[in-house]
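> Got a sequence here, can you build the structure:
(2 chains)
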Amino acid sequence: MAINGIKGFNDILPGEVRKWRHVEETARRVFEIYGFCEIRVPVLEKTELFARSIGDATDIVEKEMYSFTDKGGNGVTLRPEGTAGVIRSFIEHKLHVADPVAKLYYLGPMFRYERPQKGRYRQFHQIGVEVAGVSDPKIDAQVLTMLCHFFAELGLTEPHLQINSLGCHECRPGYREKLQKFLHDRLDALCDDCRRRYVTNPLRALDCKAAGCREATASAPSVLDHLCPGCDEHFSRTRAGLEAAGTPYEINPRMVRGLDYYTRTTFELVTGLLGAQSAVAAGGRYDRLIEELGGPSLPGIGFAMGVERVVLLLGDTDFGVRPDLFIAFHGDAAGNEAFRLMCRLQRLGVSVEMDYEGKSLKSQMRRADKFGARHTLILGEDELARGMAVIKEMDSGVQREVALDPENINMLLAPGSGAGDMRKEQQ
RNA sequence: GUGGCUGUGGUGAAGCGGUUAACACAAACGACUGUGACUCGUUCAUCCGUGGGUUCGAAUCCCAUCAGCCACCCCA
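Numbers count the residues shown, from 1 in each chain, chains lettered A, B, ... in the order given. Sure, this is the predicted structure:
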């Protein structure tokens, strides 16, 4: 019996990898325009780090972590998200000393023990960014604008930005209490889950999908009406920043985030195309997290996007690359020469394919077509004897005889041959 | 952790108790002047997720099990 992979841990096969790389490369390119630097941190951290940052009572920490005891008896966990590790590293290496503002991005696998479904896997991948050291709402607007820029760059215009403010430790408790009172009078109308949430996390009732809860909470007090002056100003200046940047958004006062560390600005990039998984990217401000993890008292803001979800949105877009040249040959001597030529050309940076087995010319041509080779070089005994070869442009079918010389052939393959040339697009 | 749906070749699938397990795509080879795309031909599941059971006989019925998918919870 063959051994299969683990549930929720997926292979990313060659065809898909191209799409993944396109996403990753686009992220790097866009984020670096905005001055972000990549940071790479381990996938394994002390369990305590996540318990303290994400929140002890959250589902992630309570039941979704891949935690175990290593051989030295330490409690360790496969990271369920990226922020905690990045902030830990930021603090540990005192990055704020060298530069009071840190703009970082990361990408890599995260792990959560959940039941897999569309757009959700046990090993999944996130690309995220974190900014530490700026409390001005200009950075909120900047981060959101960059996120939207990234999606626009991928040609994904359907996901739209929703923002909200959760207030801070000053104003949130008051609002929470008020909301709880409001819900108290309508407990009968709420679903079972919301009755439970009433105690644990009343804010959650606001974005419940159940019709009854939607109705019951229709006239619920809004967080935005209960922000303290500081948070209120932060929110309106964030909005002004978005408008200045020309970044479209909508306000969703019912949006709630699952991690405990969020304060003030929170946001999601939502899509209607991924079934139950509507959030493609999400994040928010975490003004107390760095200090709570033992670092300096610095504010922070960040987001993470689910790469699988982004890739799903990209659909069947083909990112395949076409070889520059396929070399077909006829006869043993020509076969040897074809191989020599292929090696020379590859050394010159030309992507070349050939058929190693020496099948029929027809079969080789078919293969050249399948690869989508831009040109095919045909080398037979008689051409070889004259030091020549036939080169055929596959898209047009035009062919001509050329001298059998790597430098010469390399020149002939150079761009400028018109339609179907993909080199420019790949720059 | 809970619920629903589905399991036939590389893929999409027909089949509904007795068939050589259809068809299409993909793939390989070949025909059409040593040259691809169109056309044509040939090949490609001794087997229907796995294990039991019912039956003269099962891919087709029953049970178990495993896997996948989707949804809830929660989240990217």
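> mind checking the SS state of the residue of the stretch 251-400 of chain A found nearest RNA strand B?
Proximity of the stretch 251-400 of chain A to RNA strand B (CB to the nearest atom of the strand) peaks at residue A:258, 1.3 Å away. All C-beta atoms are positioned from the backbone trio N, CA, C, and that covers glycine. Assigned with DSSP: H, G, I helix; E, B strand; the rest coil, residue A:258 falls in the coil class.
> can you pull the buried residues of the strand or helix carrying residue A:410?
In this assignment (DSSP states H and E), residue A:410 forms part of helix A:406-413. Within helix A:406-413, the residues that count as buried by 16 or more other CB atoms under 10 Å are A:406, A:409-410, A:412-413.
> what do you get for stretch A:335-349?
For stretch A:335-349, by 16+ other CB under 10 Å, it's A:335, A:337-338, A:341-342, A:344-345.
> ok, back up a step: now tabulate the buried residues of helix A:406-413 in CSV and tack on distance to RNA strand B and pLDDT.
Output for these, formatted as CSV (distance: CB to the nearest atom of the strand, whole Å; pLDDT from 0 to 100):
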residue, distance to RNA strand B, pLDDT
A:406, 19, 94
A:409, 16, 94
A:410, 20, 93
A:412, 16, 89
A:413, 15, 87
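> thinking again about what came up before, put the alpha carbons of the helix holding residue A:410 into PDB.
What follows is helix A:406-413, C-alpha atoms only, in PDB (Å, rounded to 0.1, in the frame of the first residue of the first chain):
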ATOM      1  CA  PRO A 406      25.300  28.500 -31.100                       C
ATOM      2  CA  GLU A 407      26.000  32.300 -31.100                       C
ATOM      3  CA  ASN A 408      24.300  32.700 -34.400                       C
ATOM      4  CA  ILE A 409      21.300  30.700 -33.300                       C
ATOM      5  CA  ASN A 410      21.100  32.600 -30.000                       C
ATOM      6  CA  MET A 411      20.900  35.900 -32.000                       C
ATOM      7  CA  LEU A 412      18.100  34.600 -34.200                       C
ATOM      8  CA  LEU A 413      16.100  33.600 -31.200                       C
END
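> Which residues does it contact?
The contact list for helix A:406-413 (CB atoms under 8 Å, 6 or more residues apart in numbering) reads A:324-325, A:341, A:344-345, A:348, A:350, A:374-375, A:377, A:389, A:391, A:402.
> got JSON lines for these, with distance to RNA strand B, secondary structure and pLDDT too?
Listed next are these as JSON lines, based on distance: CB to the nearest atom of the strand, whole Å; DSSP: H, G, I helix; E, B strand; the rest coil; pLDDT from 0 to 100:
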{"residue": "A:324", "distance to RNA strand B": "14", "secondary structure": "coil", "pLDDT": "93"}
{"residue": "A:325", "distance to RNA strand B": "13", "secondary structure": "strand", "pLDDT": "95"}
{"residue": "A:341", "distance to RNA strand B": "14", "secondary structure": "helix", "pLDDT": "95"}
{"residue": "A:344", "distance to RNA strand B": "20", "secondary structure": "helix", "pLDDT": "95"}
{"residue": "A:345", "distance to RNA strand B": "18", "secondary structure": "helix", "pLDDT": "95"}
{"residue": "A:348", "distance to RNA strand B": "23", "secondary structure": "coil", "pLDDT": "94"}
{"residue": "A:350", "distance to RNA strand B": "18", "secondary structure": "coil", "pLDDT": "94"}
{"residue": "A:374", "distance to RNA strand B": "9", "secondary structure": "coil", "pLDDT": "92"}
{"residue": "A:375", "distance to RNA strand B": "10", "secondary structure": "strand", "pLDDT": "94"}
{"residue": "A:377", "distance to RNA strand B": "10", "secondary structure": "strand", "pLDDT": "95"}
{"residue": "A:389", "distance to RNA strand B": "9", "secondary structure": "strand", "pLDDT": "94"}
{"residue": "A:391", "distance to RNA strand B": "10", "secondary structure": "strand", "pLDDT": "94"}
{"residue": "A:402", "distance to RNA strand B": "12", "secondary structure": "strand", "pLDDT": "93"}
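> Up against RNA strand B, what does the stretch 51-200 of chain A have?
Within the stretch 51-200 of chain A, the residues that sit near RNA strand B (CB under 7 Å from any atom of the strand) are A:58-60, A:64, A:81, A:112, A:114-121, A:124, A:126, A:193, A:197.
> Mark which of these are part of strands, please.
When these are checked against strands (DSSP state E), the matches are A:124, A:126.
> from memory residue A:69 sits against residue A:76, does it?
Yes: between residue A:69 and residue A:76 a contact is recorded at 7.5 Å, counting by CB atoms under 8 Å.
> So which residue is dead centre in chain A?
residue A:307 (3.5 Å; CA atoms, centre = their mean).
> what does the helix or strand encompassing residue A:48 rub up against?
Assigned by DSSP H and E, residue A:48 belongs to helix A:47-54. Helix A:47-54 has contacts (CB under 8 Å, 6+ apart) with A:60-61, A:65, A:67, A:75-77, A:79-81, A:83-85, A:87-88, A:259-261, A:289, A:292-293.
> quick one: buried residues of it?
Neighbour-count burial for helix A:47-54 flags A:47, A:49-54 (criterion: 16+ other CB under 10 Å).
> Quick check: phi and psi at the residue in the stretch 51-200 of chain A that RNA strand B sits nearest to.
Closest contact between the stretch 51-200 of chain A and RNA strand B, by CB to the nearest atom of the strand, is at residue A:118 (2.9 Å). Main-chain torsions, residue A:118, degrees, to the nearest 10: phi -60, psi 120.
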